[in-house]
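Asker: Pasting a predicted model and its sequence here:
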Amino acid sequence: MPPDLSPIDRAKRAAALRAAEFVEDGMRVGLGTGSTAAWLVRRLGEMVRGEGLTILGVPTSEQTAALARAEGIEVITLDEAQRLDLTIDGTDEFDAELTLIKGGGGALLREKIVAAASDRMIVIADTGKKVETLGAFPLPVEVIPFGWRSTRALIEETLISMDVAGREVALRGGAEAPFVTDEGNHILDLHLGRIGNPRQLAMVLNQIPGVVENGLFIDLCDVVVVGAEDGRIELRDINAGTVERGFAPAPGAGNLFADPEGKSA
Ligand code: 5RP
């Protein structure tokens, strides 16, 4: 355990350590993007280098691809893999149905394609990502650069008839230096406050010319692993209808998440 981890990183790492236990030898694994997913990639790197694990990784961003390679994980493209056994990724928000808002790191398009190509999606999160109603986190929508202002205007018009609390739409990075995704697109962040009907909103947004994909992940996530800063984890499997509570595993000696009371799940 790195000694100077912040509480939030301890929580993210705890979730990642538990999720890594789902990865089996020979699997083709989708590798998510963001700080939580980075903990997962680092742990899988340890397992590959030190524990004889053999996997093929499909990264959801160039950033994750670089980290995976540096960690010694064999990286292939989604076209080479075609179908994945498992994807493990972070999230910006999740609700009781395991509907997600993703794209805070700007990788929602590849993340959604990879998740959809996977037999199973496991989301790893700290406790702050759990919400009653989605929408406090601005919903990222990936749009092509051509005519993005027209696309924004159409989105704003569409939002008038949607069950949302706010309607501000902002180009990520601003017009002077817009954020550019790995696919060469821009991100519009929709400040909605509350999303009353995520399924309807996701469908309507994707009908708008210029919209490539939205950050609502619906019926994609099977399992969420939530980590806390003291190393506790809660694992919810939406298909099995089960909830597991325990402690994150403690790979390596001296791990601060070792369970002194023997409560590990
Ligand atoms: C990237 C994502 C990330 O998974 C999401 O933003 C969470 O990031 P972090 O783990 O750093 O909190 O969707 O596009």
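Answerer: That came through, no problem. Numbers count the residues shown, from 1 in each chain.

Asker: What is the neighbour count of the residue nearest to Val212 when sequence neighbours are not counted?
Answerer: Excluding its sequence neighbours, the residue lying closest to Val212 (CB to CB, 6 or more residues apart in numbering) is Glu142, at 4.4 Å. Quick note: C-beta positions are derived from backbone N, CA and C, even for glycine. Neighbour count for Glu142, taken as other CB atoms under 10 Å: 24.

Asker: who in the stretch 101-250 of the chain is up against the ligand?
Answerer: Lys102, Gly103, Gly104, Gly105, Gly106, Ala107, Leu108, Glu111 (CB under 6 Å from any ligand atom).

Asker: Name the SS class of the fifth one, please.
Answerer: Classification of Gly106 into helix, strand or coil gives coil, according to DSSP: H, G, I helix; E, B strand; the rest coil.

Asker: what sits against it?
Answerer: Each residue near Gly106 by CB atoms under 8 Å, 6 or more residues apart in numbering is listed here: Ser61, Pro140, Arg172, Phe179, Thr181, Asp182, Ile187.

Asker: Report the buried members of the residues of the stretch 101-250 of the chain next to the ligand.
Answerer: Those of these that meet the buried threshold are Lys102, Gly103, Gly104, Gly105, Gly106, Ala107, Leu108, Glu111, by 16 or more other CB atoms under 10 Å.

Asker: Who is the residue nearest to Val212 paired with across the strands?
Answerer: Ile187, Glu213 (DSSP bridges).

Asker: hang on, isn't it packed against Arg110?
Answerer: No. Using CB atoms under 8 Å, Glu142 is not in contact with Arg110; the gap is 9.8 Å.

Asker: list residues touching both of the two?
Answerer: Taking CB under 8 Å, 6+ apart as the criterion, Glu142 and Arg110 both touch Glu183.

Asker: Looking at the spatially most central residue of the chain now. What's its pLDDT?
Answerer: Nearest to the mean C-alpha position of the chain, counting by CA atoms, centre = their mean, stands Gly90 at 2.8 Å. In this model, Gly90 is scored at 99, pLDDT.

Asker: ok so, going back, and the buried ones among the residues of the stretch 101-250 of the chain next to the ligand as TSV, adding distance to Ser6 and pLDDT?
Answerer: TSV is the format used below for these (distance: CB to CB, whole Å; pLDDT from 0 to 100):
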residue	distance to Ser6	pLDDT
Lys102	22	98
Gly103	23	98
Gly104	18	98
Gly105	18	98
Gly106	22	98
Ala107	23	98
Leu108	25	98
Glu111	24	99
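
Asker: Right, I'll call it a day here.
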